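> Structure for this input, please:
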Amino acid sequence: MNNFDTTDIEDTSKGIVKGGGVTAHVYCNRPKSKEQHDDFAVVSMSLGTEDRRTFGECNVSITLFARDVAGEKNGKKLKLMYTRVLAAMPAATGRYIIDPNPLLLPDAPDDFGFHTRTIDYKVTIKIQ
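Coordinates of the predicted model:
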């Protein structure tokens, strides 16, 4: 059995999102008690890791949050953030290879004054 460190996978993905200029506020869980920024991203594993013996696989979800404007979705901000994610991905960083064909989920309100857009990437993990 191979050792796949889910925290390292999330941290590496967070670094790609931050480095791509998507937003300065990137978390592994949606912040609820902190000051709410106008935009932020949540990067997390959407499924567990799968050991394929010669490599590993997992999925990483990047959920973009943009504060609503006048009670409506801020589509302009979500589009800008999404475009920046696509520019930063796919990426090959260390032992992780991120697939260039993500699954895009529909925009949705989060009932806290934000709309979200989620992009789900398949990640291949090289065996060390």
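
> Tell me where the protein is predicted with low confidence.
Residues of the chain that meet the criterion pLDDT under 70 lie in 1-2, 34.

> 80 - rerun?
Judged by pLDDT under 80, the chain has its weakly predicted residues at 1-3, 32-36, 47, 52-53, 90-94, 128.

> center of it, which residue is that?
Per CA atoms, centre = their mean, the C-alpha nearest to the average position across the chain is that of I62, at 1.8 Å.

> Show me where the chain has its helices.
Secondary structure of the chain by DSSP state H: the helices cover 6-19, 75-88.

> how about those helices in TSV, adding mean neighbour count and distance to P100?
Every C-beta, even on glycine, is put in place using the N, C-alpha and C of the backbone. Below are the helices of the chain laid out as TSV (neighbours: other CB atoms under 10 Å; distance: least, CB to CB, whole Å):
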stretch	mean neighbour count	distance to P100
helix 6-19	17	13
helix 75-88	16	9
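
> Next, format those helices as JSON lines and append distance to F112.
What follows is these, written out as JSON lines (distance: least, CB to CB, whole Å):
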{"stretch": "helix 6-19", "distance to F112": "21"}
{"stretch": "helix 75-88", "distance to F112": "15"}
